[in-house]
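Trainee: structure here, sequence nowhere to be found:
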């Protein structure tokens, strides 16, 4: 029986709530059963477990004890921080989605899941380190990113399904632009600077008004450096228009 390790953070599905604890299933380990004592349900005092948990709820817990002979796994919810739980749940959902995608592709080419995993998933993991990373690279680069070990007969189905499910991994950068002009036609000068900035950024850019002559400039691209380049071009173009007729201040916003 495949068991987790002590101190490992695992996914838990709550199956039964008892007065003194919770019975859970561990879907990552063939639905092995675990137990969460009432003292490990939450960091605060727990009188009624049902005020904190419900059946079929999915949570992340830390394995605190394993009795391999009895196949008994003790888990604690109160040892997992909010950020740790969020990351674990996100990783698990990604993993489920990726496995489902492999299953769908397998069905299209006449494979069961086991064969699809061997013939398609494992070569992707070998080349790109993880399925998600492989899917994202294929989404950007197409067939040239496919491993040579994957039979060419599967390529079209693989590309088509990845394009359906995986969004383009876009990178976004933005900054705050403050424009002022005391010229009689100051509003027109500011407007001209903004139009110039928008044209310099070309596609996948956006400018919107914050108030008090402040504007957010945003640029998006598949490549972080390309997005930065767009943003710098927008700033430079606005500066060129307004520098002799007013003032400009640009602050790069954190991502």
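Mentor: Noted; the coordinates are in hand. The structure displayed is predicted, hence computed values, not measured ones.

Trainee: geometric centre of the chain: which residue is closest?
Mentor: The residue lying closest to the centre of the chain (C-alpha atoms, centre = their mean) is residue 90, at 7.2 Å.

Trainee: how near is it to residue 84?
Mentor: 11 Å (C-beta to C-beta, to the nearest Å). No exception for glycine: its C-beta is placed from N, CA and C like everyone else's.

Trainee: do the same with residue 109
Mentor: From residue 109 to residue 84 the distance is 38 Å (C-beta to C-beta).

Trainee: the more surrounded of these two?
Mentor: Comparing residue 109 with residue 84 by other C-beta atoms under 10 Å, the one with more neighbours is residue 109, at 16 against 13.

Trainee: show the pLDDT at the more buried one.
Mentor: For residue 109, the pLDDT comes out at 84.

Trainee: quick one on the thing from earlier: and the residue nearest to the centre of the chain, what does it touch?
Mentor: For residue 90, no contacting residues are found, by C-beta atoms under 8 Å, 6 or more residues apart in numbering.

Trainee: that one: which element?
Mentor: Per DSSP states H and E: residue 90 is located in helix 82-108.

Trainee: chain center to that helix, what's the gap?
Mentor: 11 Å (C-alpha atoms, centre = their mean, to the nearest Å).

Trainee: what is the mean pLDDT for whatever helix or strand comes next after that helix?
Mentor: Following helix 82-108 in sequence order, the next helix or strand is helix 113-116 (DSSP H and E). If you average the pLDDT over helix 113-116, you get 91.

Trainee: buried residues in the helix holding residue 90?
Mentor: 85, 88, 92, 98, 101-103, 105-106 (16 or more other C-beta atoms under 10 Å).

Trainee: hang on, the earlier thing: so what pLDDT did the residue nearest to the centre of the chain get?
Mentor: 90.

Trainee: any idea how far residue 75 is from it?
Mentor: 19 Å.

Trainee: for residue 55, same thing?
Mentor: As for residue 55, its distance to residue 75 is 16 Å (criterion: C-beta to C-beta).

Trainee: name the residue in the two with the higher neighbour count.
Mentor: Legend: neighbour count by other C-beta under 10 Å for residue 55 and residue 75, higher for residue 75 (28 against 11).

Trainee: stretch 107-123: end-to-end distance?
Mentor: The first residue of stretch 107-123 is 18 Å away from its last residue (C-alpha to C-alpha, to the nearest Å).

Trainee: before we move on, back to that, tell me the spacing between the residue nearest to the centre of the chain and residue 96.
Mentor: In terms of C-beta to C-beta, residue 90 sits 11 Å off from residue 96.

Trainee: with adjacent residues omitted, what lies nearest to residue 179?
Mentor: residue 190 (4.7 Å; C-beta to C-beta, 6 or more residues apart in numbering).

Trainee: enumerate the positions of the helix or strand hosting the one you found that are buried.
Mentor: Following DSSP H and E, the helix or strand that holds residue 190 is helix 186-201. Across helix 186-201, burial judged by 16+ other C-beta under 10 Å covers 186, 189-190, 192-194, 196-198, 200-201.
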